[in-house]
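Visitor: Sequence plus predicted model, see below.
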Amino acid sequence: MEKEIENIYNIIGLNIKKYRRQQRLTQQELADKLMLSESFIAKLESKTYQTISIDTLEQIAKILEIDIKKFFDRSVQRK
């Protein structure tokens with residue numbers, strides 16, 4: 001179960017990175033828009049285990065102009 005939880009956070013992080021890049025935003029620019037630290041965004045996008053609240057995820061989705069459900073798409077490719 002813990003492995004599955006860790007994997008979903010990795011999937012979310014990879015999708016945040018994917019959609020952030022599509023919007024041509026740097027980690028710092030996204031962090032500034034969210035009033036969060038760049039290191040928080042970097043940890044979300046990396047394989048570092050990081051929890052995230054639904055509220056924060058919703059704010060990120062709004063800034064990236066996507067449906068929050070897209071963060072859970074397991075078909076994202078690791079690079």
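Guide: Arrived safely, thanks for sending.
Visitor: switch to C-alpha atoms for all contacts and neighbour counts from now on
Guide: OK.
Visitor: for the host helix or strand of residue 60, packing partners?
Guide: Following DSSP states H and E, one finds residue 60 within helix 54-64. Contacts defined by 3 or more C-alpha pairs under 8 Å, 6 or more residues apart in numbering; DSSP states H and E place helix 54-64 against helix 2-22, helix 27-34.
Visitor: Out of the ones you listed, which gets the lowest mean score?
Guide: Mean pLDDT is lowest for helix 2-22 among these, at a mean of 85.
Visitor: what comes up buried for that one?
Guide: Within helix 2-22, the residues that count as buried by 16 or more other C-alpha atoms under 10 Å are 8-20.
Visitor: Could you export it as CSV, CA atoms only?
Guide: C-alpha atoms of helix 2-22 as CSV (Å, rounded to 0.1, in the frame of the first residue of the first chain):
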residue,chain,number,x,y,z
GLU,A,2,2.8,2.5,0.9
LYS,A,3,4.5,1.8,-2.4
GLU,A,4,1.2,2.6,-4.2
ILE,A,5,0.9,5.9,-2.3
GLU,A,6,4.5,6.8,-3.2
ASN,A,7,3.9,6.0,-6.8
ILE,A,8,0.8,8.3,-7.0
TYR,A,9,2.9,11.2,-5.7
ASN,A,10,5.5,10.4,-8.3
ILE,A,11,2.8,10.4,-11.0
ILE,A,12,1.4,13.7,-9.8
GLY,A,13,4.9,15.2,-9.7
LEU,A,14,5.7,14.0,-13.3
ASN,A,15,2.4,15.5,-14.5
ILE,A,16,2.9,18.8,-12.7
LYS,A,17,6.3,19.0,-14.5
LYS,A,18,4.8,18.1,-17.8
TYR,A,19,2.0,20.7,-17.7
ARG,A,20,4.3,23.4,-16.2
ARG,A,21,6.6,23.0,-19.1
GLN,A,22,3.7,23.1,-21.6
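Visitor: What helices and strands are in contact with that helix?
Guide: Looks like helix 2-22 contacts helix 38-45, helix 54-64 (3+ C-alpha pairs under 8 Å, 6+ apart).
Visitor: swap the cut-off to 10 Å and go again
Guide: helix 27-34, helix 38-45, helix 54-64 (3 or more C-alpha pairs under 10 Å, 6 or more residues apart in numbering; DSSP states H and E).
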